[in-house]
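Engineer: Here you go, sequence then predicted model.
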Amino acid sequence: MTTRLSAIAFSLAALLWSFAASASAQDMIAARAAFERGDFDEAAMLARPLSTPEGLTLAARAALAEGDFVASPQERRRTFLQAETDARAAIARDPQNIEGHLYLALALGFLGRLDGSLAAHFAGYAEEARKHIDRALVLDPESAWAHALLGGWNLEIVRDGGMLGETIYGASLDKGLSAYRRALEIEPGNAAIAYQYALQLLALGGAPHRAEALHSLSRALKPKPEDAVETLARRRARRLKLALDTHDDVAVRSILREQLGAPSSAPAQSGLRPGGVRAPVIGSPR
């Protein structure tokens with residue numbers, strides 16, 4: 001009798017586990033569908049309760065996209081904090097989760113931009129972000145997003161902190177440019193990376209940087225977008241490319257100010273002084 005009851009209990013447990021796994025799979029399918037159509041908040045709400053590395057990673061990505069493309073200025077910090085929480089939870093469940101490391105670095109970058117460079121320094125955002133970028137590169141040396149994040153990390157620190165930033169963090173202009181170029185070698189059609197690289201080049205100033213920015217944007221706008229994030233990233237890239245094509249420096253300065261925190265008085269073709277740009281942000285990776 002005891003054996004029989006144990007067998008029944010085991011069968012029920014197996015059935016419940018199978019049902020739960022099936023429900024989780026269905027929820028992930030629904031969450032991905034919501035993300036692809038641009039309903040990032042719903043995607044996060046569907047994926048987060050699953051508490052799996054995959055679900056938490058998607059929730060983090062969705063929160064980043066919501067904060068970057070949709071949320072109001074008043075809601076952005078809360079959204080990025082949620083992305084940070086989701087990414088940390090994903091890494092805790094799977095330390096080899098490369099997307100978790102990338103999304104955590106991104107969340108810290110967004111928070112650093114909102115909080116300001118001094119607060120970000122004392123909060124340790126740059127050091128922790130670099131740790132997760134390095135880990136992502138170890139897990140996948142060919143990750144375009146990891147290289148792009150490394151590029152943004154170097155360029156923002158150099159611009160924001162100058163010689164002091166270089167000394168404290170070991171960042172450099174050459175390292176930043178090299179990392180971005182490597183990212184676009186791996187994924188030349190990635191509009192989000194090309195867009196942020198173009199912003200960084202324009203902030204540096206000079207005709208060669210401007211020409212390279214335009215070239216990067218032109219290459220990235222050729223492939224067809226795969227989901228809502230790529231569509232939104234291409235919309236931004238097209239706006240910047242149009243400003244460059246028409247030599248509308250007022251529009252370029254406006255875009256730099258919106259995206260990098262550059263002062264409106266900074267000319268688009270001259271280098272921005274340290275302090276003109278905040279923490280590295282490159283958009284939400286796929």
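Structural biologist: It's in.
Engineer: SS state for Pro141?
Structural biologist: Per DSSP: H, G, I helix; E, B strand; the rest coil, the local secondary structure of Pro141 is coil.
Engineer: That one: neighbouring residues, count only.
Structural biologist: By other CB atoms under 10 Å, the residues close to Pro141 number 11. C-betas here are computed from N, CA, C, even on glycine.
Engineer: Could you check how far it is from Arg135?
Structural biologist: 12 Å (CB to CB, to the nearest Å).
Engineer: Show the pLDDT at Trp126.
Structural biologist: If you look again at residue 126, you'll see it is Ala, not Trp. For Ala126, the pLDDT comes out at 86.
Engineer: Quick one: list the elements packing against the helix or strand where it lies.
Structural biologist: For Ala126, the host element (DSSP states H and E) is helix 125-139. With contacts defined as 3 or more CB pairs under 8 Å, 6 or more residues apart in numbering; DSSP states H and E, the packing partners of helix 125-139 are helix 98-115, helix 144-169.
Engineer: repeat that with 10 Å
Structural biologist: helix 73-93, helix 98-115, helix 117-123, helix 144-169 (3 or more CB pairs under 10 Å, 6 or more residues apart in numbering; DSSP states H and E).
Engineer: Might you calculate how far that helix sits from the centre of the chain?
Structural biologist: 13 Å (CA atoms, centre = their mean, to the nearest Å).
Engineer: can you check stretch 189-202 too?
Structural biologist: 12 Å.
Engineer: average model confidence for it?
Structural biologist: The predicted model assigns stretch 189-202 a mean pLDDT of 92.
Engineer: Stretch 259-274 too?
Structural biologist: Rounded mean pLDDT across stretch 259-274 is 44.
Engineer: likewise stretch 94-103?
Structural biologist: Here the average pLDDT along stretch 94-103 is 96.
Engineer: can you check stretch 62-82 too?
Structural biologist: Averaging pLDDT along stretch 62-82 yields 94.
Engineer: Mind listing what's buried along that stretch?
Structural biologist: 62-71, 76, 79-82 (16 or more other CB atoms under 10 Å).
Engineer: can you check stretch 230-243 too?
Structural biologist: 230, 232-234, 236-237, 240-241, 243.
Engineer: for the stretch 101-250 of the chain, which spans come out with low pLDDT?
Structural biologist: Where the stretch 101-250 of the chain drops to pLDDT under 70, the residues are 117-119, 121-122, 161-166.
Engineer: what's next to stretch 28-46, contact-wise?
Structural biologist: Here stretch 28-46 makes contact (CB atoms under 10 Å, 6 or more residues apart in numbering) with 26-27, 47-50, 52, 54-56, 58-71, 79, 82-83, 86, 226-232, 284, 286.
Engineer: Ok, stretch 81-92 next?
Structural biologist: With CB under 10 Å, 6+ apart as the test, stretch 81-92 has contacts from 44, 47-48, 51-68, 97-108, 110-111, 114, 132, 135, 284.
Engineer: can you do 6 Å?
Structural biologist: Applying CB atoms under 6 Å, 6 or more residues apart in numbering, the external contacts of stretch 81-92 come out as 53, 56-57, 59-60, 63-64, 97, 100, 103-104, 107.
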